[in-house]
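A.B. asks: After the sequence you'll find the predicted model.
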Amino acid sequence: MSKRPGFLAYGLLSAFLIGSAYPLWWSFVVGSGTNATRGETLPLIPGGNFIANAIKVFDAIPFWKALLNSIIVSGVVTVSVVTFATLAGYAFAKLRFRGRDGMMIFVVATLAIPTQLGIIPLFIVMRQLGWTGSLGAVIVPTLVTAFGVFFMRQYLVDVIPDELIEAARVDGATQFRTFLTVAVPAARPAMAILGLFTFMATWTDYLWPLIVLNPSNPTLQTALGQLQSGYYVDYSIVLTGAVLATIPLLVLFIAAGRQLISGIMAGAVKG
Amino acid sequence: MSTTLTRRQRLSRLDVKASPYLYVSPFFLLFGAVGLFPLIYTFVVSLREWDLLKGPGEWVGLDNFAAVLADRFFWNSIFNTISIFVLSALPQLIAALLIAAVLDQNLKAKTFWRMSVLLPYVVTPVAVTLIFTSMFNEADGLANNLLNLIGVADVQWKHDTLASHLAIATMVNWRWTGYNALILLAAMQAVPRDLHESAAIDGAGAARRFFSITIPSIRPTLIFVIITATIGGLQIFAEPRLFDVSNAGGIGGANRQFQTTVLYLWEMAFFRRDFGEAAAIAWLLFLLIVLFGLLNFFISRRIASAEQKRGMR
């Protein structure tokens, strides 16, 4: 048994924790204070203006609409990515068909391609379809990811025994039935992790929604960006907005932090 | 009776044959339409005059590429992108390795510490930028206040080129260091413990063991982290876009001192309305990312295998 680490290890981690947490706490302290609070050297105690500043945020940007839009966009994209990735990942992992290896190589090769750089034709097409300004224009370009397919394939290749699929076939189950009764239950943990990461990635996206949506119908990120677009910036309002927008993900983090950690660590071993 | 059976058999055979293609086709169709096609069509756009409002014009061959390559703002954006990338990737990797090594010890309250390093990851890049833009305020921000405390004069975080790159790199590092530490931690935990123990018995200290056992063992993961950091780092947008909006209108500084290439691409397409040149910028950036990815792959493989050879001795 290796020995317990000493003071140095905990000291280092504590310092890192302070560095991670203080900027958030500082934002809350300044957001609940006045614009003068920001000038203090190391403010620690929150003031009483948070709600007043929050109301100013709601006046400045369509916060609730943006929040709802972000939930819709991230929710739809997550369901779509997980569904199609599980279907394709299962086929690549467990079914035999002509061209399988070639197609899988294609998936792996596209993993590293920055598809974000295709925004100009994407914008031209969306405008021609008359979709600019609508949530559909944000949702459609991210309905599938190569990473999702790769991730599900890597997971399913080990967890489903071939005998199980064979047994289902002998029992006369159709392919799709086998998928539903054998593959989906086995895939559930990986689906949860993929869903969590897809949700986070869609939620944080800024460039494409900024291009394709109007300021009156934004996502949370583009709305937040508008907070400091004026000539005079009131930082206590800007920081209140940053804190408010962080709360949903903070809740998700507290609820699903363990899964997030195991997801990051699992992805590392596979990748 | 016998005909229904064969029909059933035929159906079942069709099911076995067609199902895999049905399962993979949604991915390929959608990915082709919204992922690959736009990327390829970017090249077609780059060969034409193409105004945001007026639409496509004449074919101009490689003129757009020539114009971009002769454009000093383009090279300025490439310099800024690489500078910010280096300032964020290197310290981040070193810090992540250190944190991972500490987390790999036999700690009390493991989950708590792991969650604590991941905290910044839940703050979105836009929110991170708002927070740090305020901290790096030149007149009375937290960063300058702390520097004043130890006797350093105010730094021009938003006007000075290097200082602004440092500020943006800080945002990237703050959000991603813990995330990468967890990836590296997973790889470290897969290293057999007895390898460490026998080296310790041979008299190798902690530092020695870290460099000659841990680093070579986690090589594939290290390469993975470096490659993903490269792909993400070279496309940085939200941070320079929102850093100092009030003075520079969001194009990366009054003198473009922190305008990255994706930000320049955005300005070219939607402010200057020149889709042709913007598409050329997109393609050139694409090539740069591929080039950097390959370069990093070979360098990190080299370094790691050199470490391994030393470890063998």
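C.D. replies: Structure received. Numbers count the residues shown, from 1 in each chain, chains lettered A, B, ... in the order given.
A.B. asks: Give me the nearest residue to whatever residue of chain A ends up closest to chain B, chain neighbours excluded.
C.D. replies: Nearest to chain B in chain A, going by C-beta to the nearest C-beta, is residue A:118, at a distance of 2.9 Å. All C-beta atoms are positioned from the backbone trio N, CA, C, and that covers glycine. Nearest residue to residue A:118, sequence neighbours excluded (C-beta to C-beta, 6 or more residues apart in numbering or on different chains): residue B:38, at 2.9 Å.
A.B. asks: Identify the residues contacting that neighbour.
C.D. replies: A:115, A:118-122, A:125, A:141 (C-beta atoms under 8 Å, 6 or more residues apart in numbering or on different chains).
A.B. asks: any chance of those residues in TSV, with secondary structure too?
C.D. replies: As requested, these are exported to TSV (DSSP: H, G, I helix; E, B strand; the rest coil):
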residue	secondary structure
A:115	helix
A:118	helix
A:119	helix
A:120	helix
A:121	helix
A:122	helix
A:125	helix
A:141	helix
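A.B. asks: Identify the farthest-apart pair in these.
C.D. replies: Largest separation among the contacts of residue B:38 by C-beta to C-beta: A:115 and A:125, giving 14.0 Å.
A.B. asks: If you tally nearby residues, what's the number for the residue nearest to residue A:117 when sequence neighbours are not counted?
C.D. replies: Computed as C-beta to C-beta, 6+ apart, the closest residue to residue A:117 that is not its neighbour in sequence is residue B:282, at 4.4 Å. Neighbours of residue B:282 under the rule other C-beta atoms under 10 Å in any protein chain shown: 29.
A.B. asks: Which element, helix or strand, includes the residue nearest to residue A:118?
C.D. replies: Residue B:38 belongs to helix B:37-46 when assigned by DSSP states H and E.
A.B. asks: Give me the next element, helix or strand, following that helix.
C.D. replies: strand B:48-51.
A.B. asks: Figure out how far stretch A:124-131 is from the centre of its chain.
C.D. replies: 26 Å (C-alpha atoms, centre = their mean, to the nearest Å).
A.B. asks: So for that stretch, what gets flagged as buried?
C.D. replies: A:124-126, A:131 (16 or more other C-beta atoms under 10 Å in any protein chain shown).
A.B. asks: ok, now stretch A:233-241?
C.D. replies: Buried residues in stretch A:233-241, counting neighbours by 16+ other C-beta under 10 Å, are found at A:233-241.
A.B. asks: Equivalent analysis for stretch A:13-33, please.
C.D. replies: A:13, A:16-17, A:20, A:23-24, A:26-33.
A.B. asks: Make CSV from those residues and add pLDDT and secondary structure to it.
C.D. replies: Compiled in CSV, the buried residues of stretch A:13-33 are given as follows (pLDDT from 0 to 100; DSSP: H, G, I helix; E, B strand; the rest coil):
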residue, pLDDT, secondary structure
A:13, 94, helix
A:16, 94, helix
A:17, 95, helix
A:20, 94, helix
A:23, 94, helix
A:24, 94, helix
A:26, 92, helix
A:27, 93, helix
A:28, 93, helix
A:29, 92, helix
A:30, 89, helix
A:31, 89, helix
A:32, 90, coil
A:33, 84, coil
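A.B. asks: wait, doesn't residue A:94 sit right on residue A:156?
C.D. replies: Yes. With contact defined as C-beta atoms under 8 Å, residue A:94 and residue A:156 form a contacting pair (6.4 Å).
A.B. asks: Need the residues touching each of the two.
C.D. replies: Common neighbours of residue A:94 and residue A:156 (C-beta under 8 Å, 6+ apart) are residue A:183.
A.B. asks: Chain A: helices as residue ranges?
C.D. replies: Assigned by DSSP state H, the helices in chain A fall at A:7-31, A:50-60, A:63-94, A:100-111, A:119-129, A:135-139, A:146-159, A:162-170, A:175-178, A:184-204, A:207-212, A:220-226, A:235-270.
A.B. asks: which of those helices is buried the deepest?
C.D. replies: helix A:220-226 (a mean of 25; mean count of other C-beta atoms under 10 Å in any protein chain shown).
A.B. asks: what helices or strands is the helix or strand harbouring residue B:280 leaning on?
C.D. replies: Under the criterion of DSSP H and E, residue B:280 resides in helix B:275-312. If you count contacts as 3 or more C-beta pairs under 8 Å, 6 or more residues apart in numbering or on different chains; DSSP states H and E, helix B:275-312 packs onto helix A:119-129, helix B:37-46, strand B:48-51, helix B:63-69, helix B:72-103, helix B:215-217, helix B:219-233, helix B:261-270.
A.B. asks: Which one, of those, ends up nearest to residue B:300?
C.D. replies: helix B:219-233 (4.9 Å).
A.B. asks: Now find how far off-centre the closest one is within its chain.
C.D. replies: 8 Å.
A.B. asks: what's near enough to touch the closest residue to residue A:216 other than its chain neighbours?
C.D. replies: The spatially closest residue to residue A:216, leaving aside those adjacent along the chain, is residue A:62, at 6.9 Å (C-beta to C-beta, 6+ apart). Taking C-beta under 8 Å, 6+ apart, we find residue A:62 in contact with A:216-218, A:223.
A.B. asks: picking that back up, so which of the helices and strands packed on helix B:275-312 is the most surrounded?
C.D. replies: helix B:261-270 (a mean of 24).
A.B. asks: how about the CA coordinates for that one, as CSV?
C.D. replies: Provided in CSV are the C-alpha atoms of helix B:261-270 (Å, rounded to 0.1, in the frame of the first residue of the first chain):
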residue,chain,number,x,y,z
THR,B,261,-8.0,34.1,-37.3
VAL,B,262,-11.6,32.8,-36.7
LEU,B,263,-12.4,36.3,-35.5
TYR,B,264,-10.9,37.8,-38.7
LEU,B,265,-12.8,35.3,-40.8
TRP,B,266,-16.0,36.4,-39.0
GLU,B,267,-15.2,40.1,-39.6
MET,B,268,-14.4,39.5,-43.3
ALA,B,269,-17.6,37.6,-43.9
PHE,B,270,-20.1,39.6,-41.9
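A.B. asks: Could you check the angle that helix makes with helix B:37-46?
C.D. replies: Put simply, helix B:261-270 runs at 60 degrees to helix B:37-46, going by axes from the mean of the first three to the mean of the last three C-alpha atoms, to 10 degrees.
A.B. asks: Helix B:261-270 - what's its average pLDDT?
C.D. replies: The average of the pLDDT scores along helix B:261-270 is 95.
A.B. asks: what does it rub up against?
C.D. replies: By C-beta under 8 Å, 6+ apart, helix B:261-270 touches A:116, A:119-120, A:123, A:207, A:211, B:52, B:73-74, B:77-78, B:80-81, B:234-237, B:240-241, B:251-252, B:256, B:259, B:274-275, B:277-278, B:281-282, B:285, B:288.
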